[in-house]
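J.: sharing a model that was predicted from the sequence below.
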Amino acid sequence: MRIAVNASIYDSRASGLGVYTLQLTRALREQHAELVVFTSEPDSFPCARAIGGSGRPSRGLAGHLSRLLWTQTGLRRLCRAVQARVLLNTVPEGPLSPPVPQVTVVHDILPLFFPREFPRHQWYVRVLVPAVLRHSARVVAISEQTARDLVTHYRFPHQRITVVPPGVDCIRFSPRRRFERLRPEHGWTRYVLFVGNLAPHKNLHRLLRAFARVRGDVALVLAGDRHPRHRQSLESLVDQLGIRDRVHFLGFVPDDDLPRLYAGAACVVIPSLYEGFGLPVLEAMACGAPVVASNAGALPEAAGDAAVLIDPYDEAGLAAAMQRVLDDTAFAGSLIERGLARARQFTWEKTARGVLEAIYSVCGA
């Protein structure tokens with residue numbers, strides 16, 4: 001059975017959506033699925049037949065309109081041309097009149113909860129996404145939280161949703177990377193690490209205020225690019241708190257450096273106000289780093305009992321959690337042990353099998 005994969009907004013940088021799309025297609029090929037990938041980055045998919053489309057992502061209204069037009073016209077034509085049996089959308093962008101049954105993956109509906117942060121995404125999340133879902137034979141949600149959100153906010157039928165969590169590459173993300181630490185290169189003796197973009201829902205203002213309470217010779221490292229306007233606000237707060245010498249903004253971190261960064265951390269903290277899943281939690285655990293995470297959104301689903309879960313609005317509680325992990329080596333060691341076991345439960349092979357089951361359920365295969 002030939003599966004067409006709509007990966008038109010695949011990002012060649014290591015964004016969450018980019019990682020998901022690339023790892024899922026690799027895992028599907030390992031399950032002997034016949035794939036044709038439509039993408040703006042065909043060279044990034046050596047594991048499958050990849051066709052470069054005109055749905056290249058770009059900023060601004062013109063870019064969004066161009067991608068929308070391609071999805072509704074060019075994508076439909078290509079599905080017919082390659083004689084696909086089913087179309088898999090790795091994000092909720094697909095034809096409103098698909099030529100074949102389509103299965104659509106939903107990671108989150110974040111702009112719906114933070115409209116001031118995502119003013120330009122409101123039409124997308126309020127009009128286009130629910131329309132694409134209505135024209136999808138099956139929807140794959142990456143977490144129970146996302147599935148509940150689709151039912152609550154879109155009144156989407158729960159029986160048409162399959163929950164399939166993402167995986168983590170435990171070969172790339174491994175405790176072995178502790179022997180290749182980045183710390184000597186940067187002069188850090190010990191550091192707390194955040195990985196992600198700098199958007200407001202990541203809750204970094206509270207993280208900075210909480211970190212200002214943390215005692216000891218420890219740095220806070222923020223790994224993530226994007227949102228330069230928000231970075232300026234964060235740097236201003238760093239100066240106000242008087243912790244300029246303890247806080248480091250790394251910007252974008254290359255793929256090869258990210259596992260080493262996780263592995264060298266004394267603690268990884270993910271304090272988000274909402275996440276559709278929270279892949280950095282599993283990546284950190286796979287690298288043998290203790291994790292402090294918010295109890296909001298789907299983060300508890302990713303963390304299980306292997307992380308310290310905190311109220312993201314409680315700065316004192318966040319500071320206390322980081323301090324305990326830094327000071328109590330036995331406690332940190334237990335988190336590391338549980339985290340390694342937790343990460344091994346999430347594999348891309350399981351993810352691919354779950355997605356294939358959803359595909360087979362609509363194709364009668």
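T.: Cool, got the structure. Keep in mind that this is a model prediction, so the values were computed, not measured. Numbers count the residues shown, from 1 in each chain.
J.: how about the strands in the stretch 51-200 of the chain?
T.: 86-89, 102-106, 138-141, 161-163, 191-195 (DSSP state E, counting those that start in this stretch).
J.: sheet partners, orientation included, of the shortest one?
T.: Right, strand 161-163. strand 138-141 (parallel) (DSSP bridges).
J.: if we look at the partner strand, which residues are touching it?
T.: Outside strand 138-141, the residues within contact range by C-beta atoms under 8 Å, 6 or more residues apart in numbering are 101, 103-106, 133, 147, 150, 156, 160-164, 354-355, 358-359, 361-362. (C-beta placed from N, C-alpha, C; glycine too.)
J.: do me a favour and average the pLDDT over it.
T.: Mean per-residue pLDDT for strand 138-141: 98.
J.: now do stretch 152-171
T.: Mean pLDDT, stretch 152-171: 96.
J.: which regions of the stretch 151-300 of the chain sit below the pLDDT cut-off?
T.: 176-187, 226-227 (pLDDT under 70).
J.: what do you get if the cut-off is 50, keeping everything else the same?
T.: 179, 184 (pLDDT under 50).
J.: what about stretch 318-332, distance to the chain center?
T.: Distance, stretch centre to chain centre, for stretch 318-332: 26 Å (C-alpha atoms, centre = their mean, to the nearest Å).
J.: now swap in stretch 304-315 and tell me
T.: Offset of stretch 304-315 from its chain centre (C-alpha atoms, centre = their mean): 18 Å.
J.: kindly report the same for stretch 130-149.
T.: Distance, centroid of stretch 130-149 to centroid of chain: 16 Å (C-alpha atoms, centre = their mean).
J.: I'd say residue 280 and residue 193 touch.
T.: No. Contact criterion C-beta atoms under 8 Å: residue 280 and residue 193 do not qualify, at 9.2 Å.
J.: so what sits against both of those two?
T.: residue 268.
J.: re earlier: select, out of the strands of the stretch 51-200 of the chain, the one closest to residue 46.
T.: Nearest to residue 46 among these is strand 86-89 (18.6 Å), distances taken as C-beta to C-beta.
J.: which helices and strands does the closest one pack with?
T.: For strand 86-89, the packing partners by 3 or more C-beta pairs under 8 Å, 6 or more residues apart in numbering; DSSP states H and E come out as strand 2-7, strand 102-106, helix 348-363.
J.: dump the ones you listed to JSON lines, plus distance to residue 123, mean neighbour count and mean pLDDT.
T.: Below are the helices and strands packed on strand 86-89 laid out as JSON lines (distance: least, C-beta to C-beta, whole Å; neighbours: other C-beta atoms under 10 Å; pLDDT from 0 to 100):
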{"stretch": "strand 2-7", "distance to residue 123": "20", "mean neighbour count": "25", "mean pLDDT": "92"}
{"stretch": "strand 102-106", "distance to residue 123": "17", "mean neighbour count": "25", "mean pLDDT": "97"}
{"stretch": "helix 348-363", "distance to residue 123": "27", "mean neighbour count": "18", "mean pLDDT": "96"}
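J.: out of those, flag the one nearest residue 119.
T.: Nearest to residue 119, of the helices and strands packed on strand 86-89 and by C-beta to C-beta, is strand 102-106 at 21.0 Å.
J.: that closest one pairs with which strands?
T.: strand 86-89 (parallel), strand 138-141 (parallel).
J.: with distance to residue 310 and mean neighbour count added, can I get these in CSV?
T.: Shown next, in CSV, are the strands paired with strand 102-106 (distance: least, C-beta to C-beta, whole Å; neighbours: other C-beta atoms under 10 Å):
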stretch, distance to residue 310, mean neighbour count
strand 86-89, 35, 26
strand 138-141, 25, 26
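J.: out of these, the one nearest residue 123 is which?
T.: strand 86-89 (18.1 Å).
J.: tell me how many other residues crowd residue 144.
T.: Look at residue 144: counted by other C-beta atoms under 10 Å, it has 14 neighbours.
J.: the helices in the stretch 251-365 of the chain, which residues?
T.: Remark: helices assigned in the stretch 251-365 of the chain by DSSP state H, counting those that start in this stretch are 257-263, 279-286, 299-303, 315-327, 329-343, 348-363.
J.: which of those sits closest to residue 4?
T.: Relative to residue 4, the nearest member of the helices of the stretch 251-365 of the chain by C-beta to C-beta is helix 348-363, separated by 10.9 Å.
J.: what's in contact with the closest one?
T.: Here helix 348-363 makes contact (C-beta under 8 Å, 6+ apart) with 1, 3, 23-24, 26-28, 30-31, 33, 85-86, 88, 101, 103, 105, 137-138, 140, 162, 164-169, 365.
J.: emit the PyMOL select command for whichever of these are buried.
T.: Command for PyMOL that selects the buried part of these, burial taken from 16 or more other C-beta atoms under 10 Å:
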select buried, resi 3+23+24+26+27+28+33+85+86+88+101+103+105+137+138+140+162+164+165+166+167+168+169
